[in-house]
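In: whatever this is, show me its structure:
(one chain, ligands or ions: 1)
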Amino acid sequence: MSKILIIEDEVAIADLEKDYLELSDFKVDICNTGDEGLKTALAGDYDLIILDLMLPGMDGFEVCKKIREEKNIPILMVSAKKDDIDKIRGLGLGADDYMTKPFSPNELVARVKAHISRYDTLTSKSGNVITIGKLMIDKDAHKVTVDGKEISLTAKEYDLLLFLAENPNHTFSKEILFDRIWGMDAIGDVSTVTVHIQRVRDKINTENERYIETIWGVGYRFNI
Ligand code: CA
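Out: Reported below is the predicted structural model:
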C-alpha cells in the first residue's frame, strides 16, 4: 500500500484529501505545518507528498527545496494562486506537479496515482544498473544504452550523465556541476558544462524523452 504525506494547514482540506485517498487504498498522514511536514517527510518512507504552498512557519517553497536535497519522491504542490504555480515552476524547486485550489478530489487522486506509477516504472535500480525510461546506465560495464542501442560517451560526458541520473529531480548549477565532475583543479570554466550537457542531450534524447531539463537562470536537472 502506497503511503502519502499531506502537508497542509487547512484542516478541512487535508481531511477531504485524506478521505478520498484512503478510499483509493492509500495510507495517509497529515502534517499541519511546514516544519513538522519536513521532519516527517525526511524521516518517513512516503511514496508521494502533497505539499501546500502557504504554510505557517516554513513555507512550501522551502519545504520542497529541503525535501529535494535528500529525496526524489514525487512532490505535488498545491496553491490557491495561479501566480504561485508559475513562480514554483520558475524556481525549479523540483516539484513534479502543481495544482491550483480549489481542485476536485477525484482529480487529485488521479494525479497521485499517475505519479506513483510513473515513478515506480521509471525508476528501477538493480545492482549497478540504473534504468530510467528507455535509458540504461550500467555502472559496472561503464555502458549507456538508449532503447537497447549503445551510446558512445566520452569519460566526462559519462560522469556528467551518471551524476545527474543518480540525483534526479534536483537542479544543479553549472558551477556545482563543474566542481563535481571536473574538480577544483580543472582547466576550463563553467561554459564547459553547457557544451557537455548539449552533447549528452544530443546523444541520449529520443523523440519522446527529454531527460535533461534546463532550468533557466538556475542550472540543469535530470527529470524522472
Ligand atoms: Ca495553506
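
In: near the ion, which residues of this protein?
Out: Taking C-beta under 5 Å from the ion as the contact definition, the chain meets the ion at Asp9, Asp52, Met54. Placement of C-beta: from N, CA and C, glycine included.

In: does the last one belong to a helix, a strand or coil?
Out: For Met54, the reduced secondary structure class is coil; criterion used: DSSP: H, G, I helix; E, B strand; the rest coil.

In: so where do the helices sit in this protein?
Out: Using DSSP state H, the helices of the chain run over 11-23, 34-43, 60-70, 82-91, 105-122, 155-166, 174-177, 191-204.

In: any idea which of these scores lowest on pLDDT?
Out: Looking at the helices of the chain, the lowest mean pLDDT belongs to helix 82-91 (a mean of 74).

In: next, the angle helix 60-70 makes with that helix.
Out: Using axes from the mean of the first three to the mean of the last three C-alpha atoms, to 10 degrees, the direction of helix 82-91 lies 30 degrees away from that of helix 60-70.

In: give me the contacts around helix 82-91.
Out: Surrounding helix 82-91, the residues in contact under the criterion C-beta atoms under 8 Å, 6 or more residues apart in numbering are Leu53, Met54, Phe61, Cys64, Met77, Ser79, Ala95, Tyr98, Thr100, Trp216, Val218.

In: OK, contacts around the fifth one?
Out: Right, Met77. Met77 touches Leu51, Asp52, Leu53, Gly60, Cys64, Ile85, Ile88, Ala95, Asp97, Tyr98, Met99, counting by C-beta under 8 Å, 6+ apart.

In: pLDDT score assigned to the first one?
Out: According to the predicted model, the pLDDT of Leu51 comes to 96.

In: hmm, Gly60 and it touching each other?
Out: Yes: using C-beta atoms under 8 Å, Leu51 is in contact with Gly60, at 5.1 Å.

In: what do those two both touch?
Out: Taking C-beta under 8 Å, 6+ apart as the criterion, Leu51 and Gly60 both touch Ile7, Met77.

In: the more surrounded of the two?
Out: Per other C-beta atoms under 10 Å, whichever of Leu51 and Gly60 has more neighbours is Leu51, with 29 against 24.

In: run through the bridge partners of the more buried one.
Out: Per DSSP bridges, the residues bridged to Leu51 are Ile7, Met77.

In: which residues touch it?
Out: Ile7, Gly37, Gly60, Val63, Cys64, Ile75, Leu76, Met77, Val78, Ala95.
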